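Participant: Quick one: sequence and predicted model below, then my questions.
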Amino acid sequence: MSEMCKTAVIGDSASVSGFAALGLSVFRETEAEKISKLIHRLAANGFGVIYITEPAAALADEAIKKYRSRKLPAIVLIPAIDGNTGEGMRGLHRAVEKAVGSDILN
């Protein structure tokens, strides 16, 4: 049996708290420098997937760019309760289309 991939969620408390019920590691963070350091720490500690709210991602753009060309961790933008740009949903549609061959979310 293969080992499960560790998954984290980063963002403001209101947007990410519910993910704890799913067994994901939740990090309630809204400060740019702390978010960037957290991304690097999670990557170094074997997290394979990092979900991050759009507003949090906007604060840590350089840290996220470092991992874009790497296989792991996959950093996936997700909508937040407030302050969405739509990039999270566009990224989710692209990821689904890449995985299954068509955008089944539309």
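Facilitator: Alright, I've got the coordinates. Numbering: from 1, shown residues only.
Participant: Spell out the secondary structure type for I81.
Facilitator: For I81, the assignment made with DSSP: H, G, I helix; E, B strand; the rest coil gives coil.
Participant: Can you tell me how far it is from L59?
Facilitator: Per C-beta to C-beta, to the nearest Å, I81 is found 16 Å from L59. The C-beta positions use only the backbone N, C-alpha and C, and glycine is treated the same way.
Participant: Neighbour count: those two, which is higher?
Facilitator: L59 (19 against 13; other C-beta atoms under 10 Å).
Participant: Give me the pLDDT for the spatially most central residue of the chain.
Facilitator: By C-alpha atoms, centre = their mean, the mean C-alpha position of the chain lies nearest to Y51, the distance being 1.8 Å. Predicted confidence (pLDDT) for Y51: 94.
Participant: May I have the beta-bridge partners of it?
Facilitator: Beta-bridge partners for Y51, by DSSP bridges, are V9, V76.
Participant: Is it correct that it is in contact with I10?
Facilitator: Yes - Y51 lies in contact with I10 (C-beta atoms under 8 Å); the separation is 7.2 Å.
Participant: For stretch 61-78, buried residues please.
Facilitator: 63-64, 67, 73-78 (16 or more other C-beta atoms under 10 Å).
Participant: Among those residues, which one lies nearest to L38?
Facilitator: Within the buried residues of stretch 61-78, the smallest distance to L38 is 8.6 Å, found for A63 (C-beta to C-beta).
Participant: Leaving aside the residues adjacent along the chain, what's closest to that closest one?
Facilitator: Leaving aside its chain neighbours, A63 sits nearest to S36 (4.0 Å; criterion: C-beta to C-beta, 6 or more residues apart in numbering).
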